[in-house]
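Novice: sharing a model that was predicted from the sequence below.
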Amino acid sequence: TDIFEHKQEARLPFVRVVEVTDDTSDPAIWGQNFPQQYDDYLKTADMVQTSYGGSEAVPHLPTADDPRDVVSKSKLQTIPQLKRMWAGYAFSKDFREERGHAYMLTDQLYTERQKVVQPGTCINCHASTYTAMKEMGAGDIMVGFDKLNAMPYMEAKEHVSHGVACIDCHDAETMALRVTRPAFIEGIAAAKASEGIADYDVNKMATRQEMRTYVCAQCHVEYYFKGDKKRLTYPWKNGLTVDGAYEYYDEVGHNDWTHAETGAPMLKAQHPEFEMWSQGIHAKSGVTCADCHMPYKRVGGMKVSDHHVRSPLLNVNNSCGTCHKRGDEDLIARAEGIQTRHRNLVEVALDALVDLIDDIKAAKDAGATDAELAEAWEFQRRASFYVDYVEAENSSGFHADQEAARILGESINYSRLGQMALRKIKPSSE
Amino acid sequence: TDIFEHKQEARLPFVRVVEVTDDTSDPAIWGQNFPQQYDDYLKTADMVQTSYGGSEAVPHLPTADDPRDVVSKSKLQTIPQLKRMWAGYAFSKDFREERGHAYMLTDQLYTERQKVVQPGTCINCHASTYTAMKEMGAGDIMVGFDKLNAMPYMEAKEHVSHGVACIDCHDAETMALRVTRPAFIEGIAAAKASEGIADYDVNKMATRQEMRTYVCAQCHVEYYFKGDKKRLTYPWKNGLTVDGAYEYYDEVGHNDWTHAETGAPMLKAQHPEFEMWSQGIHAKSGVTCADCHMPYKRVGGMKVSDHHVRSPLLNVNNSCGTCHKRGDEDLIARAEGIQTRHRNLVEVALDALVDLIDDIKAAKDAGATDAELAEAWEFQRRASFYVDYVEAENSSGFHADQEAARILGESINYSRLGQMALRKIKPSSE
Amino acid sequence: MPRVLLTRHGRIITGIGLLYVLVAVLIGAATGLGLFTFGYADGAAYLTNDPAACANCHVMREQFDAWVKSSHGKFATCNDCHAPHNFLGKYYCKSRNGFFHSLAFTTGNFPDQIQMHEYNQGVVEENCRRCHSQLTHEIDPLPGPNGKVESNSCIRCHSTVGHDS
Ligand SMILES: [Ca+2]
Ligand SMILES: [Ca+2]
């Protein structure tokens, strides 16, 4: 369909006042050429809450370890089951509602999850790393990438000075979109290979439309650190589904941590926005991240992409209204209707998981051997990864409502089967 | 917005060649005035299969009890778990894929479910009962309705001679849509009351737009026979959700049968197309049954509603095409994508239910008392009704995909909790 | 019987009442914002039938470009769909829209994604039928329940015929 056509016409003539090269990382300099985009970009520091998203500013008393005077809500308090799910893992110490891009560097630096020593790998998605990787790799970002991953976080952070910036998504000369993240370049190639497309080179083969999603998918994805080189890797060899990711981790025998209460070898899922989106009807309809999160806005006689990246529910007329000719209230009601139904099922799944954790712990305390617990552990690992996958996904089900509910249904099943396994009666379906 | 309310001068568009009155039940007579609609109406005898719907013609050797030479596939064979779910109930003897309106009367007459004596109530949705009710009630269909319900099926069927016909949906004089089914008139009033709308009179208060759904909702709904007068009743007092219906049956203490293997007091769910549709995004967008199942077709210089009521996937261009400007293949792929994901989760839910049935049976055989089984029974009753509700719904999840998956997730939880209850360890979430 | 219509601000104004206001404004009884706006923002475009006149307003550009490509580009101009076709109605509508749009345009007080509101939807609906009454004769109008005449909204299914924008 041609809901996109009219957007193609929005290309702008670029009047440059300063020179910007492939080595200019400071967005303020790019901003002199594109003041509108820069002003909007700076607005990602705003904190506004929606029913299920956005972020709420919570005052914070600055301390020596954490000088932030404003943080976002702790999800460990709003969703108490999370502490149990992650027992023994850094996430059970500190996990907050995510907020705008302006905070990515500081929030990462001051999260209590830094109390455990973290690798440089973390920085890949929390800073403008393109020029840093180029320097370290003497022009080859792949080499720089390996070096960055291998160093400790506190050393890596000295090589960067901005959160995600213009240069991470744009070609300095043409302003065309481009992907700068090695982990995504490799990950998407693996995913395409699983669909039978060999040697996929995203910067050469992706359409402009696809790039409007891929620049975001550089970071809004599930990931893990591969081997002792801590190489940032996206588990997409078996496709972009939760099942494919789980299968992948089993194949490579990866575990994120050992559960403190049950002793099970666990996996943590993080923000698979791109993967969930890919399973939804909007993706099938060619609707991109930028369409909803960076909608066009009229500035004088021109249309520009709103670089104030945020919840579309704070901007429904521009975001949804382009395609859905309905009132704002109606559109918000539809999204929240989906989210509310989703949240209710998430509660059921988390309660089931906590039940399983209680039971394994009880059996363990009663002296059950690891061999006896093995089957229940496998169910906990699976149930936990599945519910975590949709809970860590930040649209509260909106990006792919049916798939999210499907995943929760399976998670519930695994948790209960785990409890059954402990009761030594094997149901026929297994 | 209210563009539907947009009024216009009444023109009488119809040229009549024969007189048709409020007592003319024979569609062939109406057909002389409206040959196009009549021809299409007759086409509901066609049997064409889709991936998950439509119907496949299966040759049948006519017998004394069952003279049909063609029937549709038996779902008891395609979905083996159903026999276990319905053990002891007539449905476990014979349950087939439904087919076109042309067959409604014969399929009801010759189903093996007639081996158990059935009440006249059955006929309400399988025949043109309007004139029959009027006669029996001496002009008052409500009186006729009660009489019809009270008599045995074999007697009731003598009062009817056609499947659903023009007069069941149309006003003979104006051709306006109207509702003729007492059970729906009362049911929808109860549902509206639950939303705070008192004294709802559907034939007076519904918009034309709503009538394009309500005429179908006269029959495509969950129902039960109330009291020994076997009054046809729709369980909508607590709203149109599966939870509301379940709550309702508990309040009035209704059971459909006792499970043969476990002894649990059970509920059967039937074709809640209207209720599921009401929970979906199409309903929220004002899209009606007729929009998809009776799309307009161009006949020469005229547009008429296609009275060949069938699966829209056999006619996507007219059905979906005007609102979704995409190729037929793409539209079919979207619908089937939703249906496939749905069917897979249904399998998980049905397997869980069979596990529970196995376990209760085992406990029973091992001598457990009814008191000991009570809790597990309650879970079976709930799990069974929930999965049956979406399985009996004939769109394979399409009418409301997220809600269908939500219901399946809950069903899985109930089945597994039932198994747990037998193992005498109560999970904390209960 | 004056027609009751809803402004975008939800205020109820009877057509006649509003007409006076607009006439007053247009006849220039006031040299204030109304007239200024109308002239400045070329609200007069509403008084012609030339689509290009609509497109004077860059915010109408999208629709114009899409309309050229649309199935109706060859058959129907903006006003064939967006203006009533009885004399009073036509000029009432044009001055009403001309006024509101000019005002909105001048004050910039309108959404980026412009949406058609109830009053104008009604205008369009009637125009669909004006041209397609033959074809839609049998389906529309049909008396609704209780004899009430309601038409089956065309744009519910055909919202993109004029311009897929
Ligand atoms: Ca957030
Ligand atoms: Ca069928």
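Specialist: Received the coordinates, thanks. Numbering: from 1, shown residues only, chains lettered A, B, ... in the order given. Ligands and ions are numbered 1, 2, ... in the order given.
Novice: surely residue A:343 and residue A:52 touch.
Specialist: Yes - counting by C-beta atoms under 8 Å, residue A:343 does reach residue A:52; the two are 7.0 Å apart. In this view, the C-beta of every residue, glycine as well, is placed from N, C-alpha and C.
Novice: neighbour-wise, which of these two wins?
Specialist: Comparing residue A:343 with residue A:52 by other C-beta atoms under 10 Å in any protein chain shown, the one with more neighbours is residue A:52, at 20 against 16.
Novice: relative to chain B, how far out is the more buried one?
Specialist: For residue A:52, the distance to chain B (C-beta to the nearest C-beta, to the nearest Å) stands at 15 Å.
Novice: quick check: that residue vs ligand 1, distance?
Specialist: Between residue A:52 and ligand 1 the computed distance is 9 Å (C-beta to the ion, to the nearest Å).
Novice: which residues does that residue contact?
Specialist: A:336, A:339, A:343, A:396 (C-beta atoms under 8 Å, 6 or more residues apart in numbering or on different chains).
Novice: could you do residue C:130 as well?
Specialist: Contact partners of residue C:130, counting by C-beta under 8 Å, 6+ apart, are residue C:85.
Novice: check it and give its pLDDT.
Specialist: Confidence at residue C:130, expressed as pLDDT, is 88.
Novice: same check on residue C:30?
Specialist: At residue C:30, pLDDT is 40.
Novice: ditto for residue A:209
Specialist: Note for residue A:209: predicted pLDDT of 96.
Novice: give me the helices and strands touching the longest helix along chain A, please.
Specialist: If you go by DSSP state H, chain A has its longest helix at helix A:328-365. If you count contacts as 3 or more C-beta pairs under 8 Å, 6 or more residues apart in numbering or on different chains; DSSP states H and E, helix A:328-365 packs onto helix A:81-85, helix A:316-319, helix A:370-392, helix A:401-422, helix B:281-284, helix B:401-422.
Novice: which positions within the longest one qualify as buried?
Specialist: Residues of helix A:370-392 classed as buried: A:373, A:375-392 (neighbour count, 16 or more other C-beta atoms under 10 Å in any protein chain shown).
Novice: picking up where we left off before, now render the contacts of residue A:52 as a markdown table, adding pLDDT and distance to ligand 1.
Specialist: Converted to a markdown table, the contacts of residue A:52 look like this (pLDDT from 0 to 100; distance: C-beta to the ion, whole Å):
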| residue | pLDDT | distance to ligand 1 |
| --- | --- | --- |
| A:336 | 98 | 15 |
| A:339 | 98 | 13 |
| A:343 | 98 | 14 |
| A:396 | 98 | 10 |
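Novice: on that earlier part again, out of the helices and strands packed on helix A:328-365, nearest to ligand 2?
Specialist: Nearest of the helices and strands packed on helix A:328-365 to ligand 2, taken as C-beta to the ion: helix B:401-422 at 17.0 Å.
Novice: only C-alpha atoms, please: export that closest one in PDB.
Specialist: Output of helix B:401-422 as PDB, limited to C-alpha atoms (Å, rounded to 0.1, in the frame of the first residue of the first chain):
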ATOM      1  CA  ASP B 401      -6.800 -13.000  18.700                       C
ATOM      2  CA  GLN B 402      -5.300 -11.500  21.900                       C
ATOM      3  CA  GLU B 403      -8.400 -12.300  24.000                       C
ATOM      4  CA  ALA B 404      -8.500 -15.900  22.700                       C
ATOM      5  CA  ALA B 405      -4.800 -16.400  23.600                       C
ATOM      6  CA  ARG B 406      -5.500 -14.800  27.100                       C
ATOM      7  CA  ILE B 407      -8.400 -17.300  27.700                       C
ATOM      8  CA  LEU B 408      -6.200 -20.200  26.600                       C
ATOM      9  CA  GLY B 409      -3.500 -19.000  29.000                       C
ATOM     10  CA  GLU B 410      -6.000 -19.100  31.900                       C
ATOM     11  CA  SER B 411      -7.300 -22.500  30.900                       C
ATOM     12  CA  ILE B 412      -3.800 -23.900  30.900                       C
ATOM     13  CA  ASN B 413      -3.300 -22.500  34.400                       C
ATOM     14  CA  TYR B 414      -6.500 -24.000  35.700                       C
ATOM     15  CA  SER B 415      -5.800 -27.500  34.300                       C
ATOM     16  CA  ARG B 416      -2.300 -27.500  35.900                       C
ATOM     17  CA  LEU B 417      -3.600 -26.100  39.200                       C
ATOM     18  CA  GLY B 418      -6.200 -28.900  39.200                       C
ATOM     19  CA  GLN B 419      -3.400 -31.500  38.900                       C
ATOM     20  CA  MET B 420      -1.600 -29.800  41.700                       C
ATOM     21  CA  ALA B 421      -4.700 -29.800  43.900                       C
ATOM     22  CA  LEU B 422      -4.700 -33.600  43.600                       C
END
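Novice: the chain: strands as residue ranges?
Specialist: Using chain A. A:58-59, A:70-71, A:224-226, A:231-233, A:257-258, A:265-266, A:296-299, A:302-305 (DSSP state E).
Novice: you answered for a different chain; I wanted chain C.
Specialist: Taking DSSP E as the criterion, chain C carries its strands at C:4-6, C:12-14, C:142-143, C:149-150.
Novice: need the least confident one among those strands, by mean pLDDT.
Specialist: Averaging pLDDT over each of those puts strand C:4-6 lowest, since it has a mean of 28.
Novice: how many residues are close by the residue nearest to residue A:67 when sequence neighbours are not counted?
Specialist: Leaving out its chain neighbours, the residue that sits closest to residue A:67 by C-beta to C-beta, 6 or more residues apart in numbering or on different chains is residue A:110, at 7.4 Å. Using other C-beta under 10 Å, residue A:110 has 18 other residues around it.
Novice: can you tell me how far residue A:110 sits from ligand 1?
Specialist: 17 Å.
Novice: I figured that residue was touching residue A:69, is that so?
Specialist: No - with contact defined as C-beta under 8 Å, residue A:110 and residue A:69 do not form a contacting pair (11.3 Å).
Novice: run through the helices of the stretch 51-200 of chain A in chain order.
Specialist: Ranges of helices within the stretch 51-200 of chain A are A:75-78, A:81-85, A:104-110, A:130-136, A:141-150, A:153-156, A:166-169, A:182-194, based on DSSP state H, counting those that start in this stretch.
Novice: and those: which comes nearest ligand 2?
Specialist: That would be, of the helices of the stretch 51-200 of chain A and by C-beta to the ion, helix A:182-194, which comes in at 35.3 Å.
Novice: centre of the chain to that closest one, how far?
Specialist: Helix A:182-194 sits 16 Å away from the centroid of its parent chain (C-alpha atoms, centre = their mean, to the nearest Å).
Novice: report the mean per-residue pLDDT for it.
Specialist: Here the average pLDDT along helix A:182-194 is 98.
Novice: can you show me the CA trace of it as PDB?
Specialist: C-alpha atoms of helix A:182-194 as PDB (Å, rounded to 0.1, in the frame of the first residue of the first chain):
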ATOM      1  CA  PRO A 182      28.800  -4.600  14.700                       C
ATOM      2  CA  ALA A 183      26.600  -6.800  16.900                       C
ATOM      3  CA  PHE A 184      23.500  -5.900  14.800                       C
ATOM      4  CA  ILE A 185      25.400  -6.200  11.500                       C
ATOM      5  CA  GLU A 186      26.300  -9.800  12.500                       C
ATOM      6  CA  GLY A 187      23.000 -10.600  14.200                       C
ATOM      7  CA  ILE A 188      20.700  -9.500  11.300                       C
ATOM      8  CA  ALA A 189      22.900 -11.400   8.900                       C
ATOM      9  CA  ALA A 190      22.500 -14.600  11.000                       C
ATOM     10  CA  ALA A 191      18.700 -14.000  11.100                       C
ATOM     11  CA  LYS A 192      18.500 -13.500   7.300                       C
ATOM     12  CA  ALA A 193      20.600 -16.600   6.800                       C
ATOM     13  CA  SER A 194      18.000 -18.600   8.800                       C
END
